[in-house]
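[1] No sequence on hand, only this structure:
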């Protein structure tokens, strides 16, 4: 809503009535409001948008005698909202590497934290956001189990936390596997009668159609009484249905202390890559407590997913994950950095990209790392460690250039960085070969 005469001290207050109910009032403090089933501008109620006559409530607390002011109301309708942004502009318009956590829960599902008196309570969303800020993250996705109610809290909080991107995700929780979705905030029917691809694609196709992405969660965790439906049982999905996979889950890190045992998603990821799919690896803390402590495995930011984005926005995050220029920092140390490229003649490919190798038997690899003194590099080719490469690179520098000669054309390669003790600390995404 806009109006003239402000220079003459005209003031127009704004409110809204739907055909049945009062939907909110913002007085003179807002000129733009958003309403949807899941979230609304503070001061207004989310919920169904019934058909019929809606009315603007216009209050005129001040207009001078003989002054005429014109007002205009522009109304925009989206029948199927796509990727939801809680601000009209990106948090940061600069392209670059952004650090975040893509898996966490609040009191809108099963997140618990302590009240003033020390009792466990459903954890409010602001606690999780504050914890992410304290961990110096650039973005988080709050991923409640099937619920959409957290979107309203995130819309309210985003203007106050204007240096960290808040994304309303969801953990679609079925009896045949769990998957995070990022982008849409509208209801997604998660009910599945069996583990067939036909059942799964009913909701996955809708997410993709709306501009969102689907990411498999904790794929290595077995299903059973300890975690019903946690293991991934869905097979034979059409290619490009799944965009990403959580290969390192903080909840499993917390229980086992290891980022490499079978309870993580490595085996599932390698299998998908070897089947010709181009799936981006990500990590997520799976935090349920609204806390951030760099010393505690599985707290917010452990692990951290680092995404190269064209801008810091929900769309920028989704596009960055789709592009695959992403690496995982298991401990969430912002001093550390990893980038990986491959080159044949004048053709170069970054993580997530495809390099045409033609008939060549030699590829130039470039690995850039920071904050990893005394560490070593380990290259994985088509799911197996390339022993020739690891033997050459026990003491790495900031910029490492390696000539890789091979006999059989590979399909993909990625790099892992290990600390002095051999612990995994950084993981790249693959470069693909054709």
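    Nice, thanks for sending it over. Note that the structure is a prediction, hence the values are computed from the model and not measured.

[2] For the helix or strand harbouring residue 97, which outside residues touch it?
    For residue 97, the host element (DSSP states H and E) is strand 96-101. Surrounding strand 96-101, the residues in contact under the criterion CB atoms under 8 Å, 6 or more residues apart in numbering are 92, 132, 135-141, 165, 284-285, 287, 300-301, 304-309, 312, 317, 320, 329, 332, 334, 337. Just so you know, the C-beta spots here come from the backbone N, C-alpha and C atoms, and that holds for glycine as well.

[3] Buried residues, the helix or strand that comes right after that strand. List them.
    For strand 96-101, the following helix or strand on the C-terminal side (DSSP H and E) is strand 112-114. Going by neighbour count (16 or more other CB atoms under 10 Å), the buried part of strand 112-114 is residue 113.

[4] Next: stretch 297-310.
    Under 16+ other CB under 10 Å, the buried positions of stretch 297-310 are 297-309.

[5] which of those lies closest to residue 111?
    The shortest gap between residue 111 and any of the buried residues of stretch 297-310 belongs to residue 300, at 10.8 Å (CB to CB).

[6] Please tell me I have it right and that closest one contacts residue 141.
    No: between residue 300 and residue 141 there is no contact under CB atoms under 8 Å: 11.4 Å.

[7] who touches both of these two?
    101, 104.

[8] quick one: contacts of stretch 195-214?
    Stretch 195-214 has contacts (CB under 8 Å, 6+ apart) with 80-83, 172, 174, 176-177, 179-184, 186, 188-190, 192-193, 233-238, 240-244, 315, 318, 321-322.

[9] Find the nearest non-adjacent residue to residue 19, please.
    Excluding the flanking residues, the one nearest residue 19 by CB to CB, 6 or more residues apart in numbering is residue 52, at 3.2 Å.

[10] related to what we said a few turns ago, could you export the buried residues of stretch 297-310 as CSV, including pLDDT, secondary structure and distance to residue 248?
    Listed next are these as CSV, based on pLDDT from 0 to 100; DSSP: H, G, I helix; E, B strand; the rest coil; distance: CB to CB, whole Å:
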residue, pLDDT, secondary structure, distance to residue 248
297, 90, coil, 10
298, 93, coil, 10
299, 96, coil, 14
300, 97, coil, 14
301, 97, coil, 12
302, 96, coil, 9
303, 97, coil, 5
304, 98, strand, 10
305, 98, strand, 9
306, 98, strand, 13
307, 98, strand, 15
308, 98, strand, 19
309, 98, strand, 20
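
[11] I'd like those as TSV, with distance to residue 203 appended.
    Listed next are the buried residues of stretch 297-310 as TSV, based on distance: CB to CB, whole Å:
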residue	distance to residue 203
297	31
298	27
299	30
300	27
301	29
302	29
303	27
304	28
305	23
306	28
307	24
308	29
309	26
